[in-house]
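1. Provide a 3D model corresponding to the input given below.
(2 chains)
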There are 2 protein chains.
Amino acid sequence: MRNVSVTGLGMTRFGKHESSLKSLALAACREALLDAGRPKVDAIYVGNFLGGQLAGQEIMGSILARELGLGSIPAAKTEGACASGGIAFRQAYQMVAAGIYNTVLVVGVEKMTHAPTSLVTQAINSAMDNDSNEGVSGLTFPGFFGVVANRYMYEYGAGKEHLAMVALKNREYAMNNPKAQFRKETTLEEIMQAHPVTAPLGLFHCSPITDGAAAVVITAGDQGIKVIASGQASGPPLMQDIPDLLSIGAIRESARQAYERAGLGPDDIDVVELHDCFAMTEILAIEDLGFFEKGSGWKAIENGLTKHGGKVPVNTSGGLLSRGHPIGATGVSQIVQIVSQLRGTSVNQVERARIGLAQNLGGTGAYSIVHIFEGKGM
Amino acid sequence: MRNVSVTGLGMTRFGKHESSLKSLALAACREALLDAGRPKVDAIYVGNFLGGQLAGQEIMGSILARELGLGSIPAAKTEGACASGGIAFRQAYQMVAAGIYNTVLVVGVEKMTHAPTSLVTQAINSAMDNDSNEGVSGLTFPGFFGVVANRYMYEYGAGKEHLAMVALKNREYAMNNPKAQFRKETTLEEIMQAHPVTAPLGLFHCSPITDGAAAVVITAGDQGIKVIASGQASGPPLMQDIPDLLSIGAIRESARQAYERAGLGPDDIDVVELHDCFAMTEILAIEDLGFFEKGSGWKAIENGLTKHGGKVPVNTSGGLLSRGHPIGATGVSQIVQIVSQLRGTSVNQVERARIGLAQNLGGTGAYSIVHIFEGKGM
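-> Take a look at the predicted model:
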């Protein structure tokens, strides 16, 4: 396997856009190609989940190859629900590492805000196994993570305030990020008193409906921020099949693979972007990624260990909760943030960050993808 | 790059099914895994186009990993409209060739017949670039290939009977294929007098709405039918950008790559499955794949050169026109047919077939994928 590095980054503002799915993707791609010095591109991978259902638009790979003037290069879309972007990046990374392509453009994109909320909820539920009774019985993703949060609080003694602390931290990071969807200052009290969605999760504990795109260029060699490991695992798509509601097996397994391949462990990681689709999910993820013992994540949050100056700053972009969650774009936008941190040019820069980790989840744990990156620690 | 071979095949009957998207995919996968001797599988790729839009079902990769008891292996769906299955196979082939995985399960699947035809037509149009005026102005895929057929007849002197000869040949092959959607005997006259869809294309010249799934297992080594080359190219997704309506650039380029990598040319190919989404498309494809000179495909068909005993038998499965076209499954089902031919166990067996080619198209030429396979010529 050859060395692979990220040499170009591009990203639209996340939030509400009038632009089409295609326009959003193009904007992010153009910025990434410019940032990479306009290299010759050998292939495109597009991470997208709801283009067909919400925007009536598929074949994004071919459309982008054409519009960007990249010629007849191979292109494809990958889908794995909210992990679609991470999966796209992984394909591209593996192809470059294997010597099949030298330079690949990866873009994640989603357009959601134009559609009625009921339609968006229905479309998102296509990330369940709908041959089962769970979706048709009314289970939704907020419902699932609401159940998990209640169980977590019961088992480990955490309180609603710990969920609120996650949301507040991510909002405080987002306030410095001009690309984030939500940048308004808030308080712990406002978060705790906000409209409930699925108790104990309220409005600030749930990632929003968002439009946006993020793109990266990856290339053989060491001239950028190195990709040093990729891990991917699948897990049960049904709640009834999950052996332990308080641990996401796919996160643990994808992290195990990535740490093993990188020859590193959780203590080596300087900065993390992880999949906080709900505040509860961030607490599970910091445990399942190995940063804190199982059941102790809420204490780590209480003690500020996931902020600057703590053990490991988490979601310095604002996370899905406040940066926003344009589903297919999320996995790529996490990588944009981690690479920016390792370049030393990020919002909420972590000083001398050298090793970064990005973790992208699909469904309630149907997919998890972990990538580890290495910079020079500037 | 390591040698790669296909060691397992599975396929449902193509046609109308009551089963779900998931059930269809599972049936094909189980058959392929059994046929391959139940190997340890390292990853799954799913080719699917309309699961979200027509079946409300995504995350098929994870669902199949779970239901098949394959553990937490990486999984993903790939999309490239009607080329989704061919793209899935290509990812799997490249990963095995590169040594990233040893054994990969590839499945293509689509469930279409339960949806109203107007909804199916609208969903299929997500394979156009809908930021343009073409789709909203009423252009459909039958409309596009109807225009092409008129132009082809005008330029080269072909007649409607040549389109009918393609449809008749493929129906005659399908009559021997128990997996095919349409097996009823027909005549040139019936085909020419059938209900027009977009003149000169009538009912028999257009691929149908179909449910079905096809799966293959691919493995490192030479123990099965070898995959000796893969080619993939993108082309303009818009009619207005196509320099020559009578040639599909992506087919030419994907074939060029595959022939070059295999060290072979069109004259070396013993049997072909190609993407006859319309009878007209088969005529273009036999020219663009290099079997016949540009503008002469209709004469080759008239002279029986694409049947048993001719230069190269084409679509011995019955093709998209009569075997059926469950969109995401098509690319994989073509490979099932070619591998069966090279095993010497196919319907409409071509005697001592040793080299086979499968070509899968997406959109009107937005994607084309070509794979070449080698057997022992039994």
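
2. so what's the closest residue to chain B within chain A closest to, chain neighbours aside?
-> Chain A approaches chain B most closely through A:Ala98 (3.3 Å), counting by Cβ to the nearest Cβ. No exception for glycine: its C-beta is placed from N, CA and C like everyone else's. Computed as Cβ to Cβ, 6 or more residues apart in numbering or on different chains, the closest residue to A:Ala98 that is not its neighbour in sequence is B:Ala98, at 3.3 Å.

3. wait, what's in contact with that neighbour?
-> For B:Ala98, the contact set (Cβ atoms under 8 Å, 6 or more residues apart in numbering or on different chains) comprises A:94-95, A:98-100, B:1-2.

4. List buried residues within those residues.
-> A:94-95, A:98, A:100 (16 or more other Cβ atoms under 10 Å in any protein chain shown).

5. Turn those into CSV, including secondary structure.
-> Shown next, in CSV, are the buried ones among the contacts of B:Ala98 (DSSP: H, G, I helix; E, B strand; the rest coil):
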residue, secondary structure
A:Gln94, helix
A:Met95, helix
A:Ala98, coil
A:Ile100, coil
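
6. how about JSON lines for the residues you listed, with pLDDT added?
-> Converted to JSON lines, the buried ones among the contacts of B:Ala98 look like this (pLDDT from 0 to 100):
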{"residue": "A:Gln94", "pLDDT": "98"}
{"residue": "A:Met95", "pLDDT": "98"}
{"residue": "A:Ala98", "pLDDT": "97"}
{"residue": "A:Ile100", "pLDDT": "97"}
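
7. Got phi/psi on A:Arg38?
-> Backbone dihedrals for A:Arg38, given as degrees, to the nearest 10, come out at phi 50, psi 60.

8. where does it sit relative to A:Ser5, distance-wise?
-> 17 Å (Cβ to Cβ, to the nearest Å).

9. and the residue nearest the centre of chain A, helix, strand or coil?
-> Nearest to the geometric centre of chain A sits A:Gly331, at 3.7 Å (Cα atoms, centre = their mean). Secondary structure, three-state DSSP: A:Gly331 is helix.

10. ok, which stretches of the stretch 101-250 of chain A are strands?
-> A:103-110, A:196-198, A:201-202, A:212-220, A:225-234 (DSSP state E, counting those that start in this stretch).

11. for those, which one sits closest to B:Leu70?
-> strand A:225-234 (8.2 Å; Cβ to Cβ).

12. how far out from the middle of the chain is that closest one?
-> Centroid separation for strand A:225-234 versus its chain: 13 Å, with Cα atoms, centre = their mean, to the nearest Å.

13. can you give me the helices in the stretch 51-200 of chain A?
-> A:51-55, A:60-67, A:84-97, A:117-124, A:141-156, A:160-174, A:188-193 (DSSP state H, counting those that start in this stretch).

14. near chain B, anything from the first one?
-> Yes - applying Cβ under 8 Å from any Cβ of the partner chain, one finds helix A:51-55 touching chain B at A:51-53, A:55.

15. For that helix, buried residues please.
-> The neighbour-count criterion (16+ other Cβ under 10 Å) identifies A:51-55 as the buried residues of helix A:51-55.

16. same for it, what does it pack against?
-> Other helices and strands packing on helix A:51-55, by 3 or more Cβ pairs under 8 Å, 6 or more residues apart in numbering or on different chains; DSSP states H and E, are strand A:103-110, helix A:117-124, helix B:51-55.

17. Please measure how far the first residue of stretch A:253-273 sits from its last one.
-> One end of stretch A:253-273 to the other measures 17 Å (Cα to Cα, to the nearest Å).

18. and that stretch, how far from the chain's centre?
-> That offset, for stretch A:253-273, works out to 16 Å (Cα atoms, centre = their mean).

19. Do that stretch and chain B come into contact?
-> Yes - using Cβ under 8 Å from any Cβ, stretch A:253-273 reaches chain B at A:Glu253.

20. what residues are up against the closest residue to A:His195 other than its chain neighbours?
-> Spatial nearest neighbour of A:His195, excluding adjacent residues (Cβ to Cβ, 6+ apart): A:Leu203 at 4.8 Å. For A:Leu203, the contact set (Cβ under 8 Å, 6+ apart) comprises A:194-197.

21. Kindly export stretch A:96-111 (C-alpha atoms) in PDB.
-> Taking C-alpha atoms only, stretch A:96-111 is exported to PDB below (Å, rounded to 0.1, in the frame of the first residue of the first chain):
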ATOM      1  CA  VAL A  96      -5.100   5.500  -4.200                       C
ATOM      2  CA  ALA A  97      -3.300   3.400  -1.500                       C
ATOM      3  CA  ALA A  98      -3.600   0.300  -3.900                       C
ATOM      4  CA  GLY A  99      -2.100   2.200  -6.800                       C
ATOM      5  CA  ILE A 100      -5.300   2.000  -8.900                       C
ATOM      6  CA  TYR A 101      -5.700   5.800  -9.100                       C
ATOM      7  CA  ASN A 102      -3.200   8.500  -8.200                       C
ATOM      8  CA  THR A 103      -5.500  11.400  -7.400                       C
ATOM      9  CA  VAL A 104      -9.200  11.100  -6.500                       C
ATOM     10  CA  LEU A 105     -11.800  13.800  -5.800                       C
ATOM     11  CA  VAL A 106     -14.300  12.900  -3.000                       C
ATOM     12  CA  VAL A 107     -17.400  15.000  -2.400                       C
ATOM     13  CA  GLY A 108     -20.200  14.600   0.000                       C
ATOM     14  CA  VAL A 109     -23.400  16.500  -0.600                       C
ATOM     15  CA  GLU A 110     -27.100  16.800   0.500                       C
ATOM     16  CA  LYS A 111     -30.000  19.100  -0.200                       C
END
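
22. tell me which residues in it are buried?
-> Buried, per 16+ other Cβ under 10 Å, within stretch A:96-111: A:96-98, A:100-111.

23. Pick out the most distant pair among the residues you listed.
-> A:Ala98 and A:Lys111 (32.4 Å).

24. ok, the residue nearest to the centre of chain A - contacts?
-> A:47, A:82-89, A:108, A:358, A:360, A:369.
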